[in-house]
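S.K.: Next one to model:
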Amino acid sequence: MPKTIITGEDIEEIARQGGMALPTGKDIVFTDLAYEKAVRLGVNLNSPDAQNAPSSPVRPYLTPKFPARAKEEAPIPTVPTRSGERPGHLRFLPGYSEVELREAIIETGKIAYQSGLMISNDGNISVRMPDQHILITPSGVCKGRIAPEDLLVIDIHGNLIQAAADPSLKASSEQPMHLEVYRQRPDVRAIIHTHLIFANALVISKNKIRMDVIPEAAAAFGSVPVTEYALPSSIQNAEVIRGLIGYHDVILIRNHGCLAVGKDLDSALIHVERLEHIAKTLTFAELLGTVNALPPELIQGLIPTPRSR
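M.R.: The predicted structure is shown next:
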């Protein structure tokens, strides 16, 4: 029988709702952080094996939204959090639970939407979980207005492992591109695809984004390749990045958008933010007049060592 995992965030929600105790049973598993939060917030884990739990009357509580899948018989490990850092932060570590990774995707979507990096229902986000399955955003939904239960779990071949709470939601139509990255790059745990305005405009008009004008551009990227044309939401997107993703963390898909990857969502989002900032600065520079390039010797000193496969 599937087990329900209670995390530290669940305990915090119990406390916010006024709950003072939580009935437990053999099908409910508590993470170490949940035990710590329960003691700190005075929530009684009303079970014979609950240690050091304060004595309080039992009050009802709705179980969490994400029960563990049937094959999971042990609690998902959690990681210690730094002072002031909440679980599910974008700089997640390999031990973060599925619940925390869902929250990280939701937070990333809100940041991208509110920053104008993702508009309407464009773009998609995914992360590789500790069990190597892929947690991915649904297709046709605004990424700034989704909930954790809207995300889907697929395997590396694109097979559905866990549907969204709303069965009408399907995995992103760009999933072949995401899977191509995960197959080639075992170091990548997060992917963001977005239709950047300024970066896309420069590729449409100039066929590239210059890296010889702004020092931060040369230092961060060295170069950002532009793919051949590909039909959106098709296997072609996976094909056009195939020979590039092994060497680059950021790729521009011609007349379409940006693909950024990283060890976590924080690093992938930084790539997206930095690229759009550079593109915006270059666009204004072009409009104002002559664009002065950096000296070649300075550029050479800034360019990072190319990554290898």
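
S.K.: The stretch 101-250 of the chain: strands as residue ranges?
M.R.: Taking DSSP state E, counting those that start in this stretch as the criterion, the stretch 101-250 of the chain contains strands spanning 124-128, 134-136, 152-154, 160-162, 190-194, 250-253.

S.K.: Tell me which other helices or strands the third one touches.
M.R.: Under the contact criterion of 3 or more C-beta pairs under 8 Å, 6 or more residues apart in numbering; DSSP states H and E, the helices and strands touching strand 152-154 comprise strand 134-136, strand 160-162. The C-beta positions use only the backbone N, C-alpha and C, and glycine is treated the same way.

S.K.: so which of the strands of the stretch 101-250 of the chain comes closest to residue 201?
M.R.: strand 250-253 (11.2 Å; C-beta to C-beta).

S.K.: contacting residues around the closest one?
M.R.: 199-200, 203, 209, 221, 224-227, 230, 237, 240-241, 244-245, 258-261, 271, 275 (C-beta atoms under 8 Å, 6 or more residues apart in numbering).

S.K.: From the residues you listed, list just the buried residues.
M.R.: Buried residues within these, defined by neighbour count using 16 or more other C-beta atoms under 10 Å: 199-200, 203, 209, 221, 224-227, 230, 237, 240-241, 244-245, 258-261, 271, 275.

S.K.: now, which of those lie within helices?
M.R.: Per DSSP state H, helices hold the following members of the buried ones among the contacts of strand 250-253: 199-200, 203, 221, 237, 240-241, 271, 275.

S.K.: ok, the residues you listed vs residue 284, which is closest?
M.R.: Once C-beta to C-beta is applied, the member of those that ends up nearest residue 284 is residue 199, at 13.6 Å.

S.K.: mind checking how far the residue nearest to that closest one when sequence neighbours are not counted is from residue 179?
M.R.: In space, residue 199 comes closest to residue 279 once its chain neighbours are excluded; the distance is 4.0 Å by C-beta to C-beta, 6 or more residues apart in numbering. Distance of residue 279 to residue 179, given as C-beta to C-beta, to the nearest Å: 27 Å.

S.K.: what about the two, which has more around it?
M.R.: Between residue 279 and residue 179, counted using other C-beta atoms under 10 Å, the more crowded position is residue 279 (25 against 20).

S.K.: TSV please, covering the helices and strands packed on strand 152-154 and showing distance to residue 283 and mean neighbour count.
M.R.: TSV is the format used below for the helices and strands packed on strand 152-154 (distance: least, C-beta to C-beta, whole Å; neighbours: other C-beta atoms under 10 Å):
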stretch	distance to residue 283	mean neighbour count
strand 134-136	31	22
strand 160-162	41	13
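
S.K.: So for residue 297, which of those sits nearest?
M.R.: Checked against C-beta to C-beta, the stretch from the helices and strands packed on strand 152-154 lying closest is strand 134-136, at 43.3 Å.

S.K.: which helices and strands does that closest one pack with?
M.R.: helix 98-114, strand 124-128, strand 152-154, helix 175-184.

S.K.: and these, which is most packed in?
M.R.: Greatest average neighbour count among the helices and strands packed on strand 134-136 goes to strand 124-128 (a mean of 27), per mean count of other C-beta atoms under 10 Å.

S.K.: what angle separates that one from helix 98-114?
M.R.: 150 degrees (axes from the mean of the first three to the mean of the last three C-alpha atoms, to 10 degrees).

S.K.: which other residues reach strand 124-128?
M.R.: Residues from elsewhere that reach strand 124-128 (C-beta under 8 Å, 6+ apart): 92, 101, 104-105, 108-109, 112, 134-137, 139, 143, 172, 174-175, 178, 182, 188-193, 265.

S.K.: any idea of the mean pLDDT in that strand?
M.R.: Taken as a whole, strand 124-128 has an average pLDDT of 97.

S.K.: Could you tell me the angle between that strand and helix 175-184?
M.R.: Going by the same axes, to 10 degrees, strand 124-128 makes 30 degrees with helix 175-184.

S.K.: Quick check: chain neighbours aside, which residue is closest to residue 255?
M.R.: Nearest non-adjacent residue to residue 255 (C-beta to C-beta, 6+ apart): residue 204, at 5.5 Å.

S.K.: tell me the pLDDT at residue 309?
M.R.: Reported pLDDT for residue 309: 56.
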